[in-house]
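Trainee: my questions concern the predicted model and sequence given below.
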Amino acid sequence: MADQSIPEARTPGTPQIPQTPEKALNGETALNGGLPESASHKDGISRRRLLGTAGAGGLMLGAAGGAVGYAARPAEATPLTSLGADQVMFHGKHQPGILQPLQARGHVVAFDLTAGAGRKEAAALLRRWSETAQRLMAGEAAKQDDTDVARDAGPAALTITFGFGHSFFARTGLEKQRPVSLDPLPDFSSDQLDKARSNGDLWVQIGANDALVAFHALRAIQKDAGQAAKVRWQMNGFNRSPGATAHPMTARNLMGQMDGTRNPKPTDADFDQRIFVPESSAKDPAWMADGSYAVVRRIRMLLDDWEQLSVKEQEDVIGRHKSDGAPLSGGTETTEMDLEKTDKAGNLVVPLNAHARITRPDQNGGAAMLRRPFSYHDGIDADGVPDAGLLFICWQADPLRGFVTVQRKLDRGDALSKFIRHEASGLFAVPGGATEGEYVGQRLLEG
Ligand SMILES: C=CC1=C(C)c2cc3[nH]c(cc4nc(cc5[nH]c(cc1n2)c(C)c5CCC(=O)O)C(CCC(=O)O)=C4C)c(C)c3C=C
Ligand SMILES: [Fe+2]
(Lines give C-alpha, C1' and ligand atoms only; values in the text may rest on other atoms or scores of the structure.)
(Ligands and ions follow the chains in the order given, each with its own letter.)
Protein backbone atom coordinates (compact mmCIF):
# COMPACT_ATOMS: atom_id res chain seq x y z
CA MET A 1 0.00 0.00 0.00
CA ALA A 2 1.19 3.50 -0.73
CA ASP A 3 2.49 5.75 1.98
CA GLN A 4 -0.59 7.43 3.43
CA SER A 5 1.16 10.09 5.40
CA ILE A 6 0.22 13.68 4.74
CA PRO A 7 2.69 15.62 6.79
CA GLU A 8 1.33 18.91 5.53
CA ALA A 9 -1.79 18.21 7.58
CA ARG A 10 0.25 19.14 10.63
CA THR A 11 -0.62 22.72 11.53
CA PRO A 12 2.15 24.89 10.09
CA GLY A 13 4.23 26.42 12.77
CA THR A 14 2.53 24.52 15.57
CA PRO A 15 5.04 24.86 18.36
CA GLN A 16 6.45 21.79 20.01
CA ILE A 17 6.29 22.28 23.73
CA PRO A 18 8.90 20.49 25.79
CA GLN A 19 7.80 19.16 29.14
CA THR A 20 10.04 18.64 32.06
CA PRO A 21 10.43 14.94 32.81
CA GLU A 22 9.45 15.65 36.41
CA LYS A 23 6.02 16.86 35.42
CA ALA A 24 5.71 14.10 32.90
CA LEU A 25 6.37 11.27 35.35
CA ASN A 26 4.25 12.56 38.16
CA GLY A 27 1.34 13.36 35.94
CA GLU A 28 1.51 16.95 37.23
CA THR A 29 0.99 18.24 33.77
CA ALA A 30 -0.13 21.73 32.92
CA LEU A 31 -3.13 21.66 30.65
CA ASN A 32 -1.46 24.10 28.32
CA GLY A 33 1.98 22.61 28.10
CA GLY A 34 3.40 25.01 30.64
CA LEU A 35 2.31 28.21 28.92
CA PRO A 36 -0.08 30.66 30.57
CA GLU A 37 -3.66 29.65 29.90
CA SER A 38 -4.34 32.89 28.12
CA ALA A 39 -1.10 32.73 26.13
CA SER A 40 -1.82 32.91 22.45
CA HIS A 41 -4.63 32.16 20.14
CA LYS A 42 -3.93 30.82 16.71
CA ASP A 43 -6.50 31.13 13.96
CA GLY A 44 -9.19 31.43 16.58
CA ILE A 45 -8.24 28.17 18.27
CA SER A 46 -7.18 28.62 21.85
CA ARG A 47 -3.76 27.38 22.71
CA ARG A 48 -5.25 25.04 25.28
CA ARG A 49 -7.47 23.41 22.68
CA LEU A 50 -4.66 23.27 20.17
CA LEU A 51 -2.25 21.54 22.45
CA GLY A 52 -4.59 19.40 24.44
CA THR A 53 -3.66 17.97 27.81
CA ALA A 54 0.09 17.71 27.89
CA GLY A 55 -0.01 14.46 29.75
CA ALA A 56 2.47 12.33 27.92
CA GLY A 57 5.78 13.90 28.81
CA GLY A 58 8.55 14.21 26.30
CA LEU A 59 7.69 16.66 23.61
CA MET A 60 4.07 17.17 22.92
CA LEU A 61 1.99 18.13 19.98
CA GLY A 62 -1.64 18.88 20.40
CA ALA A 63 -4.95 18.30 18.74
CA ALA A 64 -4.36 19.98 15.44
CA GLY A 65 -0.93 18.48 15.04
CA GLY A 66 -1.43 15.01 16.36
CA ALA A 67 -3.56 13.26 13.81
CA VAL A 68 -1.56 13.43 10.64
CA GLY A 69 -0.92 10.37 8.61
CA TYR A 70 -4.31 9.20 7.47
CA ALA A 71 -6.07 11.01 4.65
CA ALA A 72 -9.73 12.05 4.45
CA ARG A 73 -9.84 14.19 7.55
CA PRO A 74 -12.45 16.87 6.75
CA ALA A 75 -11.09 20.41 6.75
CA GLU A 76 -13.57 21.47 9.42
CA ALA A 77 -13.08 18.40 11.57
CA THR A 78 -13.39 18.76 15.30
CA PRO A 79 -9.93 18.58 16.81
CA LEU A 80 -9.02 15.39 18.57
CA THR A 81 -9.49 15.26 22.29
CA SER A 82 -6.37 15.93 24.25
CA LEU A 83 -5.97 12.21 24.91
CA GLY A 84 -5.75 11.31 21.25
CA ALA A 85 -3.49 14.23 20.43
CA ASP A 86 -0.84 13.52 23.05
CA GLN A 87 2.42 12.85 21.27
CA VAL A 88 5.76 11.73 22.64
CA MET A 89 8.87 12.43 20.59
CA PHE A 90 10.77 9.41 19.31
CA HIS A 91 14.18 11.11 19.21
CA GLY A 92 15.82 12.15 22.43
CA LYS A 93 18.53 11.45 24.95
CA HIS A 94 16.65 8.49 26.39
CA GLN A 95 14.28 6.16 24.60
CA PRO A 96 10.60 6.95 25.03
CA GLY A 97 8.61 4.74 27.42
CA ILE A 98 10.80 5.24 30.49
CA LEU A 99 10.08 8.75 31.75
CA GLN A 100 6.54 9.21 30.46
CA PRO A 101 3.51 8.66 32.70
CA LEU A 102 1.99 5.17 32.72
CA GLN A 103 -0.24 4.63 29.73
CA ALA A 104 -3.62 2.91 29.82
CA ARG A 105 -2.52 0.05 27.52
CA GLY A 106 0.72 -1.84 27.27
CA HIS A 107 2.17 -4.70 25.24
CA VAL A 108 5.52 -6.28 25.88
CA VAL A 109 6.93 -8.68 23.35
CA ALA A 110 10.20 -10.59 23.07
CA PHE A 111 11.66 -11.84 19.80
CA ASP A 112 14.38 -14.35 18.98
CA LEU A 113 16.44 -13.88 15.83
CA THR A 114 15.74 -16.64 13.30
CA ALA A 115 18.36 -19.27 12.42
CA GLY A 116 19.78 -17.41 9.43
CA ALA A 117 19.77 -13.95 10.96
CA GLY A 118 22.89 -12.31 12.38
CA ARG A 119 24.26 -8.84 12.93
CA LYS A 120 23.39 -7.51 9.46
CA GLU A 121 19.78 -8.65 9.66
CA ALA A 122 19.51 -7.36 13.23
CA ALA A 123 20.77 -3.94 12.14
CA ALA A 124 18.26 -3.81 9.28
CA LEU A 125 15.49 -4.84 11.69
CA LEU A 126 16.34 -2.14 14.23
CA ARG A 127 16.39 0.37 11.39
CA ARG A 128 12.90 -0.73 10.27
CA TRP A 129 11.59 -0.79 13.82
CA SER A 130 12.95 2.68 14.53
CA GLU A 131 11.32 4.14 11.44
CA THR A 132 8.01 2.50 12.32
CA ALA A 133 8.23 3.74 15.91
CA GLN A 134 8.96 7.27 14.75
CA ARG A 135 6.04 7.29 12.31
CA LEU A 136 3.49 5.67 14.60
CA MET A 137 4.47 7.86 17.57
CA ALA A 138 3.82 10.87 15.31
CA GLY A 139 0.36 9.54 14.42
CA GLU A 140 1.40 8.55 10.93
CA ALA A 141 0.65 5.29 9.17
CA ALA A 142 3.24 2.53 8.97
CA LYS A 143 5.40 2.79 5.84
CA GLN A 144 4.26 -0.52 4.39
CA ASP A 145 0.93 -2.32 4.54
CA ASP A 146 -0.59 -0.30 7.32
CA THR A 147 -3.52 -2.19 8.82
CA ASP A 148 -5.72 0.92 9.35
CA VAL A 149 -6.37 -0.14 12.95
CA ALA A 150 -5.27 3.27 14.26
CA ARG A 151 -6.93 5.24 11.47
CA ASP A 152 -8.95 8.15 12.91
CA ALA A 153 -6.94 8.16 16.14
CA GLY A 154 -4.09 10.40 17.18
CA PRO A 155 -0.90 8.97 18.64
CA ALA A 156 -2.49 8.82 22.11
CA ALA A 157 0.90 9.12 23.84
CA LEU A 158 2.24 6.04 22.05
CA THR A 159 5.76 5.02 23.05
CA ILE A 160 7.81 2.17 21.57
CA THR A 161 10.98 1.09 23.37
CA PHE A 162 13.61 -1.43 22.22
CA GLY A 163 16.02 -3.57 24.24
CA PHE A 164 18.59 -6.36 23.82
CA GLY A 165 18.69 -9.58 25.85
CA HIS A 166 21.77 -11.58 26.90
CA SER A 167 21.36 -14.10 24.05
CA PHE A 168 21.36 -11.36 21.37
CA PHE A 169 25.11 -10.84 21.59
CA ALA A 170 26.23 -14.39 20.81
CA ARG A 171 23.68 -14.58 17.99
CA THR A 172 25.20 -11.50 16.35
CA GLY A 173 28.88 -12.08 17.14
CA LEU A 174 28.88 -9.08 19.45
CA GLU A 175 29.87 -10.89 22.68
CA LYS A 176 32.56 -8.32 23.40
CA GLN A 177 29.92 -5.63 23.52
CA ARG A 178 27.67 -7.51 25.96
CA PRO A 179 27.28 -5.54 29.19
CA VAL A 180 28.15 -7.48 32.37
CA SER A 181 24.89 -6.13 33.74
CA LEU A 182 23.10 -8.54 31.37
CA ASP A 183 24.50 -11.56 33.22
CA PRO A 184 21.49 -13.74 34.08
CA LEU A 185 19.56 -12.77 37.19
CA PRO A 186 20.14 -15.09 40.15
CA ASP A 187 17.46 -17.60 41.13
CA PHE A 188 15.14 -16.46 43.88
CA SER A 189 13.45 -18.91 46.22
CA SER A 190 9.98 -17.67 45.31
CA ASP A 191 10.54 -18.01 41.53
CA GLN A 192 8.31 -20.33 39.53
CA LEU A 193 9.51 -19.14 36.16
CA ASP A 194 8.28 -20.33 32.80
CA LYS A 195 11.43 -20.33 30.63
CA ALA A 196 9.38 -20.12 27.42
CA ARG A 197 7.93 -16.82 28.59
CA SER A 198 11.23 -15.43 29.87
CA ASN A 199 14.14 -13.48 28.32
CA GLY A 200 14.68 -13.37 24.53
CA ASP A 201 17.12 -11.82 22.03
CA LEU A 202 15.13 -8.61 21.58
CA TRP A 203 12.45 -6.88 23.63
CA VAL A 204 9.88 -4.27 22.66
CA GLN A 205 7.68 -2.34 25.07
CA ILE A 206 4.63 -0.54 23.66
CA GLY A 207 2.43 1.84 25.64
CA ALA A 208 -0.47 4.06 24.53
CA ASN A 209 -3.60 5.58 25.97
CA ASP A 210 -5.77 3.90 23.37
CA ALA A 211 -6.14 0.14 22.93
CA LEU A 212 -6.36 0.27 19.14
CA VAL A 213 -3.30 2.51 18.85
CA ALA A 214 -1.33 0.11 21.06
CA PHE A 215 -2.44 -3.00 19.15
CA HIS A 216 -1.74 -1.30 15.83
CA ALA A 217 1.83 -0.66 16.96
CA LEU A 218 2.28 -4.23 18.19
CA ARG A 219 1.12 -5.64 14.87
CA ALA A 220 3.34 -3.26 12.88
CA ILE A 221 6.37 -4.21 14.96
CA GLN A 222 5.63 -7.92 14.51
CA LYS A 223 5.21 -7.54 10.74
CA ASP A 224 8.46 -5.56 10.51
CA ALA A 225 10.27 -8.50 12.09
CA GLY A 226 9.63 -10.39 8.84
CA GLN A 227 12.02 -13.29 8.38
CA ALA A 228 14.61 -11.85 10.75
CA ALA A 229 12.97 -12.57 14.11
CA LYS A 230 10.08 -14.57 15.56
CA VAL A 231 7.97 -13.77 18.59
CA ARG A 232 9.18 -15.68 21.65
CA TRP A 233 6.52 -14.44 24.06
CA GLN A 234 4.07 -11.59 24.29
CA MET A 235 2.09 -10.10 27.19
CA ASN A 236 -0.63 -7.46 27.48
CA GLY A 237 -1.24 -5.01 30.27
CA PHE A 238 -3.24 -1.99 31.31
CA ASN A 239 -3.43 0.89 33.73
CA ARG A 240 -6.09 3.38 34.65
CA SER A 241 -7.15 5.62 31.76
CA PRO A 242 -6.04 9.23 31.92
CA GLY A 243 -8.92 11.43 33.03
CA ALA A 244 -10.65 8.66 34.99
CA THR A 245 -9.95 10.40 38.28
CA ALA A 246 -10.90 13.95 39.23
CA HIS A 247 -7.23 14.90 39.49
CA PRO A 248 -3.95 13.11 38.74
CA MET A 249 -3.43 10.33 41.28
CA THR A 250 -0.98 7.49 41.78
CA ALA A 251 -2.18 4.37 39.94
CA ARG A 252 -3.69 1.40 41.77
CA ASN A 253 -2.74 -2.21 41.11
CA LEU A 254 -5.12 -5.20 41.08
CA MET A 255 -4.72 -5.65 44.84
CA GLY A 256 -6.23 -2.19 45.17
CA GLN A 257 -3.11 -0.47 46.51
CA MET A 258 -1.67 2.81 45.38
CA ASP A 259 1.49 1.67 43.66
CA GLY A 260 4.25 4.05 42.59
CA THR A 261 4.16 6.57 45.41
CA ARG A 262 7.84 6.40 46.24
CA ASN A 263 9.22 6.19 42.72
CA PRO A 264 12.39 8.24 42.27
CA LYS A 265 11.69 11.63 40.66
CA PRO A 266 13.71 13.29 37.90
CA THR A 267 14.20 16.23 40.26
CA ASP A 268 16.05 14.02 42.76
CA ALA A 269 19.74 14.87 42.72
CA ASP A 270 20.71 11.24 42.07
CA PHE A 271 17.88 10.34 39.66
CA ASP A 272 19.98 10.12 36.48
CA GLN A 273 22.74 8.27 38.26
CA ARG A 274 20.28 5.67 39.56
CA ILE A 275 18.24 5.16 36.40
CA PHE A 276 20.50 5.84 33.40
CA VAL A 277 23.94 4.64 32.37
CA PRO A 278 26.34 7.62 32.40
CA GLU A 279 28.24 8.73 29.30
CA SER A 280 31.49 7.37 30.67
CA SER A 281 30.89 4.25 32.69
CA ALA A 282 33.60 1.91 33.91
CA LYS A 283 31.14 -0.98 33.91
CA ASP A 284 29.16 -0.46 30.72
CA PRO A 285 30.08 -0.41 27.03
CA ALA A 286 29.98 3.03 25.38
CA TRP A 287 26.91 2.15 23.31
CA MET A 288 24.83 1.98 26.52
CA ALA A 289 25.38 5.67 27.36
CA ASP A 290 22.06 7.26 28.41
CA GLY A 291 20.46 3.82 28.30
CA SER A 292 18.93 1.85 31.13
CA TYR A 293 18.37 -1.78 32.14
CA ALA A 294 14.80 -3.07 32.22
CA VAL A 295 13.86 -5.94 34.52
CA VAL A 296 10.54 -7.44 33.50
CA ARG A 297 8.72 -9.85 35.84
CA ARG A 298 5.31 -11.34 35.30
CA ILE A 299 4.05 -11.52 38.88
CA ARG A 300 0.77 -13.32 39.42
CA MET A 301 -1.32 -12.04 42.30
CA LEU A 302 -3.00 -14.75 44.38
CA LEU A 303 -6.13 -12.66 44.59
CA ASP A 304 -8.38 -15.27 46.22
CA ASP A 305 -5.98 -15.44 49.18
CA TRP A 306 -5.35 -11.69 49.24
CA GLU A 307 -9.03 -10.83 49.25
CA GLN A 308 -9.58 -13.07 52.29
CA LEU A 309 -7.60 -10.57 54.36
CA SER A 310 -9.26 -7.70 56.18
CA VAL A 311 -8.27 -4.22 55.01
CA LYS A 312 -6.22 -3.84 58.21
CA GLU A 313 -4.33 -7.09 57.44
CA GLN A 314 -3.75 -5.95 53.85
CA GLU A 315 -2.39 -2.64 55.11
CA ASP A 316 0.02 -4.41 57.48
CA VAL A 317 1.37 -6.43 54.53
CA ILE A 318 2.27 -3.24 52.67
CA GLY A 319 2.81 -0.78 55.54
CA ARG A 320 0.56 1.83 53.95
CA HIS A 321 -3.14 2.64 54.09
CA LYS A 322 -5.15 1.19 51.24
CA SER A 323 -7.47 4.17 50.86
CA ASP A 324 -4.90 6.90 50.26
CA GLY A 325 -1.47 5.24 50.27
CA ALA A 326 -0.38 7.08 53.43
CA PRO A 327 2.19 5.31 55.61
CA LEU A 328 0.76 3.49 58.66
CA SER A 329 2.87 5.83 60.79
CA GLY A 330 0.54 8.70 59.78
CA GLY A 331 0.18 11.68 57.46
CA THR A 332 -0.69 11.68 53.79
CA GLU A 333 0.58 9.67 50.81
CA THR A 334 3.73 11.75 50.54
CA THR A 335 4.56 11.92 54.26
CA GLU A 336 7.88 10.29 55.13
CA MET A 337 7.33 6.88 56.77
CA ASP A 338 8.35 6.80 60.45
CA LEU A 339 10.01 3.40 60.75
CA GLU A 340 10.44 3.66 64.52
CA LYS A 341 6.91 4.66 65.52
CA THR A 342 5.22 2.29 67.99
CA ASP A 343 1.63 1.93 69.21
CA LYS A 344 0.51 2.01 72.86
CA ALA A 345 1.51 -1.64 73.28
CA GLY A 346 5.02 -0.86 72.01
CA ASN A 347 4.62 -2.62 68.65
CA LEU A 348 6.00 -1.04 65.49
CA VAL A 349 3.11 0.48 63.52
CA VAL A 350 4.87 -0.38 60.25
CA PRO A 351 5.60 -4.12 60.67
CA LEU A 352 9.18 -5.31 60.20
CA ASN A 353 8.22 -7.39 57.15
CA ALA A 354 5.97 -4.76 55.53
CA HIS A 355 6.72 -4.50 51.81
CA ALA A 356 7.02 -0.69 51.78
CA ARG A 357 9.47 -0.81 54.72
CA ILE A 358 11.87 -3.40 53.38
CA THR A 359 11.99 -2.11 49.81
CA ARG A 360 13.15 1.37 50.83
CA PRO A 361 16.50 2.47 49.42
CA ASP A 362 17.72 3.30 52.94
CA GLN A 363 17.12 -0.34 53.92
CA ASN A 364 19.01 -1.63 50.88
CA GLY A 365 22.25 0.31 50.66
CA GLY A 366 20.66 2.96 48.44
CA ALA A 367 19.24 0.46 45.89
CA ALA A 368 16.59 2.20 43.80
CA MET A 369 14.67 1.61 40.62
CA LEU A 370 11.98 3.36 38.59
CA ARG A 371 8.89 1.13 38.61
CA ARG A 372 6.69 1.49 35.52
CA PRO A 373 4.38 -1.52 35.52
CA PHE A 374 1.20 -2.58 33.77
CA SER A 375 -1.49 -4.70 35.40
CA TYR A 376 -2.49 -7.79 33.46
CA HIS A 377 -5.52 -10.08 33.30
CA ASP A 378 -5.45 -13.11 31.04
CA GLY A 379 -8.80 -14.65 31.88
CA ILE A 380 -9.83 -17.09 34.56
CA ASP A 381 -8.25 -20.54 34.95
CA ALA A 382 -10.38 -23.70 34.84
CA ASP A 383 -10.36 -23.76 38.64
CA GLY A 384 -11.88 -20.27 38.78
CA VAL A 385 -8.64 -18.51 39.72
CA PRO A 386 -7.94 -15.26 37.85
CA ASP A 387 -4.70 -15.23 35.87
CA ALA A 388 -4.02 -11.66 36.90
CA GLY A 389 -1.25 -9.60 38.43
CA LEU A 390 1.49 -7.18 37.61
CA LEU A 391 3.78 -6.91 34.60
CA PHE A 392 6.43 -5.46 36.86
CA ILE A 393 8.85 -3.39 34.77
CA CYS A 394 11.58 -1.51 36.54
CA TRP A 395 14.39 0.66 35.19
CA GLN A 396 17.83 1.17 36.64
CA ALA A 397 21.41 1.99 35.71
CA ASP A 398 22.60 -1.24 37.32
CA PRO A 399 20.25 -4.22 37.86
CA LEU A 400 22.59 -5.75 40.44
CA ARG A 401 22.40 -2.63 42.59
CA GLY A 402 18.71 -2.09 41.85
CA PHE A 403 16.33 -5.01 41.30
CA VAL A 404 18.61 -7.85 42.47
CA THR A 405 19.48 -6.21 45.79
CA VAL A 406 15.83 -5.50 46.62
CA GLN A 407 14.50 -8.85 45.35
CA ARG A 408 17.07 -10.69 47.50
CA LYS A 409 15.74 -8.78 50.47
CA LEU A 410 12.13 -9.58 49.55
CA ASP A 411 13.09 -13.24 49.23
CA ARG A 412 14.21 -13.26 52.84
CA GLY A 413 10.87 -12.24 54.31
CA ASP A 414 8.45 -9.93 52.55
CA ALA A 415 4.91 -10.10 53.94
CA LEU A 416 3.65 -9.73 50.35
CA SER A 417 5.42 -12.84 49.07
CA LYS A 418 2.63 -15.19 50.28
CA PHE A 419 0.27 -13.43 47.91
CA ILE A 420 2.32 -13.29 44.71
CA ARG A 421 4.18 -15.67 42.37
CA HIS A 422 6.90 -14.67 39.90
CA GLU A 423 6.01 -16.58 36.73
CA ALA A 424 8.28 -15.09 34.05
CA SER A 425 11.37 -12.92 33.94
CA GLY A 426 13.46 -10.87 31.53
CA LEU A 427 16.46 -8.60 31.69
CA PHE A 428 17.17 -6.25 28.80
CA ALA A 429 19.74 -3.60 27.91
CA VAL A 430 17.84 -0.61 26.57
CA PRO A 431 20.22 1.75 24.75
CA GLY A 432 19.93 5.52 24.83
CA GLY A 433 17.53 7.32 22.51
CA ALA A 434 18.24 7.71 18.81
CA THR A 435 19.24 11.10 17.46
CA GLU A 436 17.71 12.40 14.21
CA GLY A 437 18.74 10.14 11.34
CA GLU A 438 19.91 7.39 13.66
CA TYR A 439 18.17 4.14 14.59
CA VAL A 440 17.98 2.65 18.08
CA GLY A 441 21.00 0.45 18.75
CA GLN A 442 23.03 1.80 15.81
CA ARG A 443 25.96 2.58 18.08
CA LEU A 444 26.06 -1.12 19.04
CA LEU A 445 25.34 -2.64 15.65
CA GLU A 446 27.58 -0.34 13.59
CA GLY A 447 30.09 0.66 16.25
C1 LIG B 1 12.30 -6.19 43.55
C2 LIG B 1 11.53 -5.16 43.46
C3 LIG B 1 10.06 -5.14 43.72
C4 LIG B 1 9.09 -6.07 43.40
C5 LIG B 1 9.27 -7.39 42.71
C6 LIG B 1 7.84 -5.53 43.85
C7 LIG B 1 6.60 -6.14 43.71
C8 LIG B 1 5.38 -5.61 44.09
N9 LIG B 1 5.15 -4.45 44.76
C10 LIG B 1 3.82 -4.24 44.97
C11 LIG B 1 3.21 -3.16 45.63
C12 LIG B 1 3.86 -2.07 46.21
N13 LIG B 1 5.21 -1.81 46.17
C14 LIG B 1 5.47 -0.63 46.86
C15 LIG B 1 6.71 -0.04 47.01
C16 LIG B 1 7.90 -0.52 46.46
N17 LIG B 1 8.12 -1.73 45.86
C18 LIG B 1 9.42 -1.81 45.43
C19 LIG B 1 10.04 -2.87 44.80
C20 LIG B 1 9.40 -4.03 44.36
N21 LIG B 1 8.08 -4.32 44.40
C22 LIG B 1 10.06 -0.59 45.79
C23 LIG B 1 11.51 -0.24 45.48
C24 LIG B 1 9.13 0.21 46.42
C25 LIG B 1 9.35 1.62 46.94
C26 LIG B 1 10.12 1.63 48.24
C27 LIG B 1 10.46 3.03 48.67
O28 LIG B 1 11.20 3.72 47.97
O29 LIG B 1 9.99 3.44 49.72
C30 LIG B 1 4.23 -0.13 47.36
C31 LIG B 1 4.07 1.12 48.22
C32 LIG B 1 3.79 2.35 47.45
C33 LIG B 1 4.91 2.80 46.56
O34 LIG B 1 5.88 3.40 46.99
O35 LIG B 1 4.81 2.51 45.37
C36 LIG B 1 3.23 -1.01 46.95
C37 LIG B 1 1.76 -0.88 47.21
C38 LIG B 1 3.18 -5.35 44.41
C39 LIG B 1 1.67 -5.54 44.41
C40 LIG B 1 4.12 -6.19 43.86
C41 LIG B 1 3.96 -7.47 43.14
C42 LIG B 1 2.87 -7.88 42.56
FE1 LIG C 1 6.64 -3.18 45.45
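Mentor: Cool, got the structure. Ligands and ions are numbered 1, 2, ... in the order given.
Trainee: I'd like to know how far residue 307 sits from residue 259.
Mentor: Residue 307 sits 17 Å away from residue 259 when distances are taken as CB to CB, to the nearest Å. Every residue, glycine included, has its C-beta placed from N, CA and C.
Trainee: ok, now residue 151?
Mentor: Look at residue 151 and residue 259: by CB to CB, they are 34 Å apart.
Trainee: residue 307 and residue 259: which is more packed in?
Mentor: Set side by side, residue 307 and residue 259 show more neighbours around residue 259, with 23 against 12, by other CB atoms under 10 Å.
Trainee: run a quick neighbour tally on the residue nearest to that one when sequence neighbours are not counted.
Mentor: Sequence neighbours aside, residue 253 is the residue nearest to residue 259 in space, at 4.4 Å (criterion: CB to CB, 6 or more residues apart in numbering). Here the count is done by other CB under 10 Å, and residue 253 has 19 residues near it.
Trainee: quick one: contacts for residue 253?
Mentor: Contact analysis of residue 253 by CB atoms under 8 Å, 6 or more residues apart in numbering lists 259, 301, 373, 375, 390.
Trainee: which ones, among those residues, also lie beside ligand 1?
Mentor: Checked against ligand 1 using CB under 6 Å from any ligand atom, these give the following subset in range: 259, 301, 390.
Trainee: nearest to residue 399, of these?
Mentor: Nearest to residue 399 among these, counting by CB to CB, is residue 390 at 17.9 Å.
Trainee: was I right about the closest one contacting residue 299?
Mentor: Yes: with contact defined as CB atoms under 8 Å, residue 390 and residue 299 form a contacting pair (4.7 Å).
Trainee: which residues are in contact with each of the two?
Mentor: With contacts defined as CB under 8 Å, 6+ apart, the residues adjacent to both residue 390 and residue 299 are residue 420.
Trainee: show me what from the stretch 301-447 of the chain comes close to ligand 1.
Mentor: Proximity of the stretch 301-447 of the chain to ligand 1 is assessed by CB under 6 Å from any ligand atom, with 301, 318, 320, 355-356, 359-361, 369, 389-390, 392, 403, 406-407, 410, 420 identified as the residues in range.
Trainee: in strands only, show me these.
Mentor: 301, 389-390, 392, 420 (DSSP state E).
Trainee: strands of the stretch 201-350 of the chain, residue ranges please.
Mentor: 202-208, 229-238, 292-301 (DSSP state E, counting those that start in this stretch).
Trainee: name the strands paired with the last one and say parallel or antiparallel.
Mentor: With DSSP bridges as the test, strand 292-301 is paired with strand 386-396 (antiparallel), strand 420-430 (antiparallel).
Trainee: let me have those strands in CSV, extended by distance to residue 289.
Mentor: Formatted as CSV, the entries for the strands paired with strand 292-301 read as follows, by distance: least, CB to CB, whole Å:
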stretch, distance to residue 289
strand 386-396, 15
strand 420-430, 12
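Trainee: now tabulate these in CSV and tack on mean neighbour count.
Mentor: Conversion of the strands paired with strand 292-301 to CSV gives the following (neighbours: other CB atoms under 10 Å):
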stretch, mean neighbour count
strand 386-396, 22
strand 420-430, 23
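Trainee: Throw these into JSON lines and include mean pLDDT, thanks.
Mentor: Compiled in JSON lines, the strands paired with strand 292-301 are given as follows (pLDDT from 0 to 100):
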{"stretch": "strand 386-396", "mean pLDDT": "98"}
{"stretch": "strand 420-430", "mean pLDDT": "98"}
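Trainee: could you list the contact residues of the stretch 151-300 of the chain toward ligand 1?
Mentor: Applying CB under 6 Å from any ligand atom, one finds that the stretch 151-300 of the chain approaches ligand 1 through 253, 255, 257-262, 297, 299.
Trainee: can we see that at 5 Å?
Mentor: Applying CB under 5 Å from any ligand atom, one finds that the stretch 151-300 of the chain approaches ligand 1 through 253, 257, 259-262, 299.
Trainee: take those residues and keep only those in helices.
Mentor: Counting by DSSP state H, those place none of their members in helices.
Trainee: which residue is the nearest non-sequential neighbour of whichever residue of the stretch 1-150 of the chain sits closest to ligand 1?
Mentor: Closest residue of the stretch 1-150 of the chain to ligand 1, CB to the nearest ligand atom: residue 102 (12.0 Å). For residue 102, ignoring the flanking residues on the chain, the nearest one in space by CB to CB, 6+ apart is residue 239 at 4.5 Å.
Trainee: what about that neighbour, how many neighbours?
Mentor: Taking other CB under 10 Å as the criterion, the count of residues near residue 239 is 23.
Trainee: is it true that it touches residue 104?
Mentor: Yes: under the contact definition of CB under 8 Å, residue 239 touches residue 104, with a separation of 5.6 Å.
Trainee: what is the nearest of the ones in strands among the residues of the stretch 301-447 of the chain next to ligand 1 to residue 177?
Mentor: For those, the residue nearest residue 177 by CB to CB is residue 392; the value is 27.5 Å.
Trainee: might you report the residue contacts of that closest one?
Mentor: The contact partners of residue 392, by CB under 8 Å, 6+ apart, come to 295-299, 371, 373.
Trainee: confirm for me that residue 243 is in contact with residue 83.
Mentor: Yes: with contact defined as CB under 8 Å, residue 243 and residue 83 form a contacting pair (6.7 Å).
Trainee: same drill for the two, tell me which one is more crowded.
Mentor: Of the pair residue 243 and residue 83, residue 83 is the one with more neighbours under other CB under 10 Å, namely 22 against 14.
Trainee: in stretch 372-383, what's buried?
Mentor: Neighbour-count burial for stretch 372-383, counted by 16 or more other CB atoms under 10 Å, picks out 372-376.
Trainee: okay, those in TSV with pLDDT and secondary structure next?
Mentor: Formatted as TSV, the entries for the buried residues of stretch 372-383 read as follows, by pLDDT from 0 to 100; DSSP: H, G, I helix; E, B strand; the rest coil:
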residue	pLDDT	secondary structure
372	98	coil
373	98	coil
374	98	strand
375	98	strand
376	98	strand
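Trainee: from these, which single one is nearest ligand 1?
Mentor: Scanning the buried residues of stretch 372-383 for proximity to ligand 1, where the rule is CB to the nearest ligand atom, the winner is residue 373, at 8.1 Å.
Trainee: relative to residue 134, which of the contacts of residue 392 is nearest.
Mentor: Sorting these by distance to residue 134 puts residue 296 at the head of the list, at 23.7 Å, by CB to CB.
Trainee: quick check, pLDDT for that closest one.
Mentor: Confidence per residue is given as pLDDT, and for residue 296 that number is 98.
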